[in-house]
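A.B. asks: Have a look; sequence and predicted model below, questions after that.
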There are 2 protein chains.
Amino acid sequence: MALSEFELIKRYFYQSARAFGVNMGIGDDCALLSAPENKLLAVSMDTLVGGIHFPRNADPELIAERALRVNLSDLAAMAAEPLWFTLGLTLPSVDERWLEGFAKGLFTVADEFNIALVGGDTTRGPLSITIQVHGAVEAEHALMRSNARVGDVVYVTGNLGDAAAALAVIRQELTVGKSAFSYFMSHYYRPLPHIKDAKLLRDISTCGIDVSDGLLADLGHICEESGVGAKVDIERVPVSTALNKVATAEQIADWALAGGDDYQLCFTVPQARLAKIEQLIANGKLHATAIGEIVKGSEVVCYIGGEVFEPKRRGYSHFDAAN
Amino acid sequence: MALSEFELIKRYFYQSARAFGVNMGIGDDCALLSAPENKLLAVSMDTLVGGIHFPRNADPELIAERALRVNLSDLAAMAAEPLWFTLGLTLPSVDERWLEGFAKGLFTVADEFNIALVGGDTTRGPLSITIQVHGAVEAEHALMRSNARVGDVVYVTGNLGDAAAALAVIRQELTVGKSAFSYFMSHYYRPLPHIKDAKLLRDISTCGIDVSDGLLADLGHICEESGVGAKVDIERVPVSTALNKVATAEQIADWALAGGDDYQLCFTVPQARLAKIEQLIANGKLHATAIGEIVKGSEVVCYIGGEVFEPKRRGYSHFDAAN
C-alpha cells in the first residue's frame, strides 16, 4: 500500500531535529520553531524538477546536495545564518537505494552548514524537490539588491563560468579529460553557498545577490532594484584555470557572463570601505575580485580594453534551455 | 523564451506583500520577516500533484483554493494564527487563463484568512503545487498530538465523510443530483480550515489534529503520540444530511471513519473543561460533537450500540488510491 511506503520515507528522513529553536520538529501538524530575537527571519523556496533542473538519472546523492546547496546560497545572498529547512519530495516510486543516496547527500550538506530538517511532505508523482530554507539576519546586515549606490565597486567571489561548462559537458557539447570532468561536475552538483563569505561582508557591504541566472542578469537585478547602472570590465571577470584550458576565449566569456548556476556572490562596496575589503582579500580570508563599478543609468554595460563590448547573450541557462 | 514567461508569472502572483512583519516580500533572494515576539512559529509544507491529489483538468481556481485551504488546516490543527505563505508552482506551460483562475482562487483564500504570499518559486515541469504556511501560536496553546490523557473526551468539528463522497463522485463511482453535486464538490475543493474553531479551544484543549487521512487514522496518530487508546461510538460520528441521502449506512460509515480530506478538527477535552466546551456548543459558537473517549491502551476501538465494531478499513483515501 502506497501509504506505508511513504510513511517509511518520512521516518527515513525526518529524524527529530535537535537544533536551535526547534520546539517540535517532525511528528505533528506543524513544526514549532523559536525565531532568534532581534533578527529578521530570512526564507527562500526553490523547486528543482527532474529533467529540467538536473538530469533524471543523476546520482541521487548529488541531486540532494545540489538542491540544498542552491537553497543555502539564497541565505548567503542575504547574509543570513542557516537555521532550518523543510523538504517537499515528490517521487515516482519508492526506490530504497535512491532514497538512501538522497538522504546521505542531504544530511552531509545539512551537517556542513548546520541547518536542521524540521518538516515537509513526501508524495508520489514526477521527480521534484522543493526546499525552503530559513535563516536569521540582523536587519542592518542584510545584503539587499536595492542598496547599490553610484560609485560603489562591484565584486564577485570565486570564479564564474564553471557551472555553464559543466552543463555543456552534461549535454555532451563539450568533451574534457577525467580530472577536468570531476572538477566541472563538482562545481555543478556541489556549488558552495557563500555563507562564510557573506558573514565577512557584514560591515563592508549591504548589497549583494548570488549568481544563479548569470552575472549580467543578476547584476542587472541589483541595478533594477537600486535604480542604477553598472560597468563591468570583462578582462577582470575571474575564471578558473580549468575553464581556461578547455574552451575558446569567446566561449569562456559567454559562460562567465551569461551562464547560470555558479552561485558565487556578487556584491557592491562603497568607496569608504574599499580598504577593508581589499585587506580581507590580501590576507587570503576572502577570494573575491573587483570587476566593475556602479554608475548612473539602468543598464549593465560591458567593457573590454576600455571599449564597449556587446556580449553574445545576457540570459540565463537552465538545464532545460537545450531541450 | 521560457524565462520571460515565467518572470511574468512571478510578477502576476508576487505582488509586494503588505502584511504583519513583512520587511521584504518578493524581489530579493529571501523574504525578510519579523516573527511575533513570545510566540512560536508554526510551519507546515504540503505538496499537491496534478493527477494524484486533484484531477489535472480541475478548475484552476478550485485547485488553488484547495491547495491553500489544506495547508491552512495544518495551522488550525496547531491552533496557530496564519501569517505568511510561500508558493512553489510547477507548470507544464504558461497558460494565462489557467494562471488567472489559479491566482484568483489563491488570493480569495489568502484574503479570507489574512495570510500574505511572501515568496516562492515558479518553474516548468509536471503540474505540482507546494505551499508552506507560517503561523504563530503561544507555546501553551498549541494543539499537540501528544497531549491526550486517559479520561479526555474526543470531539470532532462539523461532519465527516463528505470529501470521500465527493471523491466517489469525481471517480464516477457515485451519481448524485445537481445540488448534492455542488455540495460535495464544494466540500472537496473548498474545505474549511478551522482556524476560528481552534482559537475558541485555546483554554479548553491542548490536543488536536486535522482529519486529513481519515478519522480513525488521525485519531490513531493522537493515540500513538500520546501513548493512549481511544473508544469511538460510531453512532455519534456526525455526518451531513446530504451524505445520508446518497449512500447506504455501511458506505457512509466507511467514508466517515476512513475517508480522508475532510479537514475537520479532532480534539480532546479533559473532564474538568467539559462544561466550557459544551457551553460553546450550546451557544452555537462551535459546531462540534463528542464521539468517544481516551482510554488506556494503544488502539482506536469502534463501538456500535455498546458492541465492538470492526470497520471495513482504517486507511487513507487519496485521489491516487484508485489509480
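C.D. replies: In hand now; what should we look at? Numbers count the residues shown, from 1 in each chain, chains lettered A, B, ... in the order given.
A.B. asks: got a list of what A:Val228 touches?
C.D. replies: Applying Cβ atoms under 8 Å, 6 or more residues apart in numbering or on different chains to A:Val228 gives the contacts A:Ala148, A:Arg149, A:Val150, A:Ile222, A:Ile294, A:Val295, A:Lys296, A:Gly297, A:Ser298. For glycine as for every other residue, the C-beta is placed from the backbone atoms N, C-alpha and C.
A.B. asks: which residues touch A:Leu75?
C.D. replies: By Cβ under 8 Å, 6+ apart, the contact list for A:Leu75 reads A:Ala42, A:Ser44, A:Glu81, A:Pro82, A:Val133, A:Gly135, A:Pro193, A:Ile195, B:Asp29, B:Cys30.
A.B. asks: mind checking the SS state of the second one?
C.D. replies: Which is A:Ser44. Per DSSP: H, G, I helix; E, B strand; the rest coil, the secondary structure class of A:Ser44 is strand.
A.B. asks: ok, which stretches of the stretch 51-200 of chain A are helices?
C.D. replies: A:60-76, A:96-112, A:162-170, A:178-189, A:195-200 (DSSP state H, counting those that start in this stretch).
A.B. asks: just to revisit the earlier point, so which of the contacts of A:Leu75 is the closest to A:Ala282?
C.D. replies: Within these, proximity to A:Ala282 (Cβ to Cβ) peaks at A:Ile195, which comes in at 22.1 Å.
A.B. asks: Just give me the neighbour total for that closest one.
C.D. replies: Residues near A:Ile195, counting by other Cβ atoms under 10 Å in any protein chain shown, number 22.
A.B. asks: hang on, the earlier thing: pLDDT-wise, what's the bottom of the contacts of A:Leu75?
C.D. replies: In terms of pLDDT, the least confident member of the contacts of A:Leu75 is B:Asp29, at 86.
A.B. asks: A:Leu174 contacts A:Ala168, correct?
C.D. replies: Yes. Applying Cβ atoms under 8 Å, one finds A:Leu174 in contact with A:Ala168, separated by 3.8 Å.
A.B. asks: follow-up on the earlier one: buried ones among the contacts of A:Val228?
C.D. replies: For the contacts of A:Val228, a neighbour count by 16 or more other Cβ atoms under 10 Å in any protein chain shown gives the buried set as A:Ala148, A:Ile222, A:Ile294, A:Val295.
A.B. asks: Could you find the closest non-adjacent residue to A:Arg273?
C.D. replies: Once its chain neighbours are removed from consideration, A:Arg273 has its nearest residue in A:Ile204; the separation is 5.0 Å (Cβ to Cβ, 6 or more residues apart in numbering or on different chains).
A.B. asks: Would you tell me whether stretch A:165-176 gets close to chain B?
C.D. replies: No. In terms of Cβ under 8 Å from any Cβ of the partner chain, no part of stretch A:165-176 sits within range of chain B; the closest distance is 15.4 Å.
A.B. asks: Run through the residues that contact A:Leu62.
C.D. replies: With contacts defined as Cβ under 8 Å, 6+ apart, the neighbours of A:Leu62 are A:Gly105, A:Met185, A:Tyr189, A:Arg190.
A.B. asks: Check what pLDDT the residue nearest to the second one when sequence neighbours are not counted gets.
C.D. replies: Read that as A:Met185. When the adjacent residues along the chain are set aside, A:Met185 lies closest to A:Ala166, with 6.0 Å between them (Cβ to Cβ, 6+ apart). Confidence at A:Ala166, expressed as pLDDT, is 93.
A.B. asks: ok, what's across the strand from A:Leu32?
C.D. replies: Beta bridges link A:Leu32 to A:Met24, B:Ala42, judged by DSSP bridges.
A.B. asks: OK, contacts around it?
C.D. replies: With contacts taken as Cβ under 8 Å, 6+ apart, A:Leu32 has the following neighbours: A:Val22, A:Asn23, A:Met24, B:Leu40, B:Leu41, B:Ala42, B:Met78, B:Val137, B:Ala139, B:Ala142.
A.B. asks: can you tell me how far it sits from A:His134?
C.D. replies: To A:His134, A:Leu32 is 13 Å away according to Cβ to Cβ, to the nearest Å.
A.B. asks: same question, A:Phe85
C.D. replies: As for A:Phe85, its distance to A:His134 is 7 Å (criterion: Cβ to Cβ).
A.B. asks: Repeat that for A:Val269.
C.D. replies: On the measure of Cβ to Cβ, A:Val269 and A:His134 end up 28 Å apart.
A.B. asks: do the same with A:Ala31
C.D. replies: For A:Ala31, the distance to A:His134 equals 10 Å [Cβ to Cβ].
A.B. asks: Need the residues touching each of these two.
C.D. replies: With contacts defined as Cβ under 8 Å, 6+ apart, the residues adjacent to both A:Ala31 and A:His134 are A:Trp84, A:Thr86, B:Val43.
A.B. asks: so who does the first one touch?
C.D. replies: Residues in contact with A:Trp84 (Cβ under 8 Å, 6+ apart) are A:Ala17, A:Ala19, A:Gly21, A:Val22, A:Ala31, A:Leu33, A:Ile115, A:Ala116, A:Leu117, A:Val118, A:Val133, A:His134.
A.B. asks: Quick check: the third one touching A:Leu83?
C.D. replies: Yes. Counting by Cβ under 8 Å, A:Gly21 does reach A:Leu83; the two are 6.6 Å apart.
A.B. asks: These two: who's more crowded?
C.D. replies: A:Leu83 (26 against 18).
A.B. asks: from the contacts of A:Leu75, which is closest to A:Lys178?
C.D. replies: Sorting the contacts of A:Leu75 by distance to A:Lys178 puts A:Pro193 at the head of the list, at 27.1 Å, by Cβ to Cβ.
A.B. asks: Which pLDDT does the model give the nearest residue to the closest one once chain neighbours are set aside?
C.D. replies: Closest residue in space to A:Pro193, ignoring its immediate chain neighbours: A:Leu72 at 3.5 Å, by Cβ to Cβ, 6+ apart. On pLDDT, A:Leu72 comes in at 97.
A.B. asks: what's the distance between A:Leu72 and chain B?
C.D. replies: 11 Å (Cβ to the nearest Cβ, to the nearest Å).
A.B. asks: who are the neighbours in contact with that residue?
C.D. replies: Taking Cβ under 8 Å, 6+ apart as the definition of contact, the neighbours of A:Leu72 are A:Pro82, A:Val109, A:Phe113, A:Ile115, A:Val133, A:Pro193, A:Ile195.
A.B. asks: what does the helix or strand hosting A:Lys231 contact?
C.D. replies: In this structure, A:Lys231 sits in strand A:229-233 according to DSSP states H and E. Outside strand A:229-233, the residues that touch it by Cβ under 8 Å, 6+ apart are A:148, A:154, A:215-216, A:219, A:222-223, A:257, A:291-304.
A.B. asks: Mind doing that once more with 6 Å?
C.D. replies: Where contact means Cβ atoms under 6 Å, 6 or more residues apart in numbering or on different chains, the residues beyond strand A:229-233 that reach it are A:154, A:219, A:223, A:291-295, A:297-303.
A.B. asks: Could you do stretch A:47-60 as well?
C.D. replies: For stretch A:47-60, contacts defined as Cβ under 6 Å, 6+ apart pick out A:63, A:67, A:98, A:101-102, A:127-130, A:319-320, B:88, B:90, B:121, B:123-125.
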